[in-house]
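In: output the structure for:
(2 chains)
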Amino acid sequence: MRNSFEKTRASRALLLVFVCSLLLLIVSFSTSVSAQADNDSDTPADSILALAAPAPATDLKAFDTDNDHGHSITIEWTLSADDGAGANSVISYRIMKSESPDGPFDSVGLVPLGATSHVNSSAIDKNSEGYFSDNTDYYYRVEAMTTNAALFSSSEIVGPVQSSGQWFNAGLVPVLIAILIFTILTMIFVQLAKKGMDLYVRPLAGIEAVDEAIGRATEMGRPILYVLGLGSAADIATIASFTILGRVAKKVAEYQTELNVPCYDPIVMAVAQEVVKSAFIDAGRPEAYKDDIVHFITNSQFAYVGAVNGIIMRDLPATNVYMGKFFAESLILAETGAAAGSIQIAGTDEIPQIPFFFVACDYTLIGEELFAASAYLGREPELLGSLKAQDYAKAVLLASAIIGILLINIFPDFGETFKSWFEVID
Amino acid sequence: MEFTTFLWTTVAAFLTLAVFSFLYKDNPMYKFAEHLFVGVSAGYFVIILWHGALVPNLFKKLADGDWWYFVPGILGVMMFARFFKKSSWISRWPLAMYIGISTGLAIPLEMANRVNRQLWAMMEPINWSSFWGERYLDIGSGYSELFIFVGTVSALVYFFFSKAHTGAFGAVAKFGIWTLMLGFGASFGFTVMARISLFINRIQYLDINWGQTAFNAADTSNVNYHAGFQALFWAVWLIFLVYAVFEYKKYLSNKDKPSQAAGTSA
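Out: Purely as a prediction, here's the structure:
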């Protein structure tokens, strides 16, 4: 009985030793396999993912990009079955391009998982890196990438496809329509103004002050300082400022007052010289014009401001006119002018600078008022007509905004359609 | 800091103080800083234009065989006609080209960015369910959307020039200018804070980079520290002190004289 009991205990102990040995074997085997896998890849997860390449991207399409200047091809595809699903192993897509279906293919882009398109474009300059020419056959394929750079799957190759520029950008049709409406309105109101129709424009204090300020300068025998700002001759604010400068220069020539126009940009200086010269001729005093009325200072923002501040403190102008594009220098100029006791009139479309002109100048033209100023000063039919056209264009915009916001809140579907009429697509 | 480096730090400190001295009044130190800055920047601009514009955008293109770049090249040369009285009219052609092309490019761009895109972005459904935020007097997204719409419309009304701002129209326009002023006020405060941080930076430069370096003999970064460091520091202040004494003497000599304005009125 005792022997039998001991036999049973011994056999149980043997069984336990066997099971433990087996467990140890399994654990040590799996550890060695895991260690081996660790040596082969960066993360333990790779050991599982590395077993199979991901499913490739499908339905690859490559076509010339619409509404552009050329040198651009758009590639679209359907996501790999392993992108966010399946083995969930795709981390990105690599876009490959070649001039031959047989290769070699070069990488031209990498997009993250979930992306289904890529625009392969280049600079217009043929000397730039990555430039590719229009009307040349290209072939594309997309590679679904995993964390293991060597493990990816390629889609089918598509092509040949060529890029070309379009003459008409359909994405800018809303802009074309807006410009056409504005042009038609301008033509109508210019004609009405020419026919003698009385076009009412409400008074603007800042603009009415210009004539008064020129008269004050004449009485005091001090110069008028006209600053065109830091914009280039291409900026709308600078162009508006040229027109106002013409009006101021004409009055200055008539009153025989001194005018000083320090410039930041050489091209602006050249244009301003022409404007002032024409104004002096219109005033019947061409002999009073001198080239150094309009002069260049420097193309460095704060050096320019330093010099203009020096002019203000040394010449003590009776009137300072700041019209155009201004940046961080606005308050420095306006404060110095206020310290010199000058009457100051400012106008800019740079929203962040308007508050500074408000606090330091006597009159400030806000944004659009700067563009309207030339029409106010000139009272010429063409300019008054364009001012009226601007107002009517604004009325159209206002009505569109109100209709749009009502529609989108009450009838969302109609509203979205209406909203899309204004969408500009680059 | 090497003594030669400290010399340039002192020059920068002197120029900083010279520019600050303009707060008192226009003076010789400010004039020196102003003329130096203008001269250096104008010369620098010429070099930038040469290496950044003319060489890569014209000479290199011509060398690469892009012969049509002769057209802008010739237009540029035509600008030099301004130097000759009889032929100065020739320079109007490139100017006309420049202004015409620039305006043609600017108008669609301005229309797209300032009109179409703004109008498009404004047409958003108002989120009435979160008109107010979760806390008392908290602003929710619905309130913001409504305020943007009302603010934009009323500000646009303010910029109507064809109708007098009277009656209901005037009230809307007044709300529009209030909205604009709110924006301007916020912008003003934001920018002033940025300017004050620039001022603090400049004071720190004078204190740490200049003043402390001049007197910190124990600083191991001051290579071969000697009395010249302090001498330079005091030399700068001496210039300003001499000017202050000169100004004070001028004030004393003019104190008893009648002013020019008073003399004229008398």
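In: ok, then the element right after the helix or strand where residue A:153 lies?
Out: Per DSSP states H and E, residue A:153 falls inside strand A:152-154. Once strand A:152-154 ends, the next helix or strand along the chain (criterion: DSSP H and E) is strand A:158-161.
In: neighbouring strands - and their directions - for that next one?
Out: strand A:138-145 (antiparallel) (DSSP bridges).
In: tell me the mean pLDDT for the strand it pairs with?
Out: Across strand A:138-145, pLDDT averages out at 90.
In: what are the ranges of the helices in chain B?
Out: Defined through DSSP state H, the helices belonging to chain B, from first to last, are B:3-20, B:28-49, B:60-63, B:70-78, B:92-110, B:117-122, B:141-158, B:167-204, B:213-215, B:227-255, B:260-265.
In: domain boundaries for chain A, per the record?
Out: By the record's domain assignment, chain A is partitioned as A:58-161, A:199-379 (automatic domain parsing).
In: reformat the helices of chain B as JSON lines; add distance to residue A:215, mean pLDDT and mean neighbour count.
Out: All C-beta atoms are positioned from the backbone trio N, CA, C, and that covers glycine. As requested, the helices of chain B are exported to JSON lines (distance: least, Cβ to Cβ, whole Å; pLDDT from 0 to 100; neighbours: other Cβ atoms under 10 Å in any protein chain shown):
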{"stretch": "helix B:3-20", "distance to residue A:215": "35", "mean pLDDT": "93", "mean neighbour count": "16"}
{"stretch": "helix B:28-49", "distance to residue A:215": "31", "mean pLDDT": "94", "mean neighbour count": "16"}
{"stretch": "helix B:60-63", "distance to residue A:215": "52", "mean pLDDT": "90", "mean neighbour count": "14"}
{"stretch": "helix B:70-78", "distance to residue A:215": "40", "mean pLDDT": "93", "mean neighbour count": "14"}
{"stretch": "helix B:92-110", "distance to residue A:215": "31", "mean pLDDT": "88", "mean neighbour count": "15"}
{"stretch": "helix B:117-122", "distance to residue A:215": "39", "mean pLDDT": "88", "mean neighbour count": "17"}
{"stretch": "helix B:141-158", "distance to residue A:215": "29", "mean pLDDT": "86", "mean neighbour count": "18"}
{"stretch": "helix B:167-204", "distance to residue A:215": "28", "mean pLDDT": "92", "mean neighbour count": "14"}
{"stretch": "helix B:213-215", "distance to residue A:215": "55", "mean pLDDT": "87", "mean neighbour count": "19"}
{"stretch": "helix B:227-255", "distance to residue A:215": "33", "mean pLDDT": "91", "mean neighbour count": "12"}
{"stretch": "helix B:260-265", "distance to residue A:215": "21", "mean pLDDT": "43", "mean neighbour count": "8"}
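In: got those helices as a markdown table, with distance to residue A:331 columns?
Out: Converted to a markdown table, these look like this (distance: least, Cβ to Cβ, whole Å):
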| stretch | distance to residue A:331 |
| --- | --- |
| helix B:3-20 | 15 |
| helix B:28-49 | 18 |
| helix B:60-63 | 41 |
| helix B:70-78 | 36 |
| helix B:92-110 | 26 |
| helix B:117-122 | 27 |
| helix B:141-158 | 23 |
| helix B:167-204 | 8 |
| helix B:213-215 | 32 |
| helix B:227-255 | 26 |
| helix B:260-265 | 29 |
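In: residue A:341: what's it in contact with?
Out: residue A:316 (Cβ atoms under 8 Å, 6 or more residues apart in numbering or on different chains).
In: report pLDDT for residue B:219.
Out: The predicted local confidence for residue B:219 is 67.
In: right, I mislabeled it, should have said residue A:148
Out: Model confidence at residue A:148, given as pLDDT, is 81.
In: and it, helix, strand or coil?
Out: Look at residue A:148: counting by DSSP: H, G, I helix; E, B strand; the rest coil, its state is coil.
In: count the neighbours of it for me.
Out: The tally of other residues near residue A:148 (other Cβ atoms under 10 Å in any protein chain shown) stands at 17.
In: and what of residue B:205?
Out: Residue B:205, neighbours per other Cβ under 10 Å, totals 15.
In: look up how far chain A lies from it.
Out: Counting by Cβ to the nearest Cβ, to the nearest Å, the gap from residue B:205 to chain A is 16 Å.
In: so that residue makes contact with residue B:20?
Out: No. Residue B:205 is not in contact with residue B:20 according to Cβ atoms under 8 Å; the separation is 11.9 Å.
In: hmm, back to that, just name the most buried of the domains of chain A.
Out: Between the domains of chain A, domain A:199-379 has the highest mean count of neighbours, a mean of 21, where neighbours are mean count of other Cβ atoms under 10 Å in any protein chain shown.
In: any idea how far apart the tips of it sit?
Out: This stretch, domain A:199-379, spans 10 Å end to end (Cα to Cα, to the nearest Å).
In: in its sheet, what does the strand holding residue A:153 sit against?
Out: For strand A:152-154, pairing defined by DSSP bridges yields strand A:138-145 (antiparallel).
In: helices along chain A, start to end?
Out: Assigned helices in chain A, in chain order: A:2-40, A:44-49, A:173-194, A:205-220, A:236-255, A:266-282, A:301-315, A:330-339, A:354-360, A:368-378, A:381-410, A:412-420 (criterion: DSSP H).
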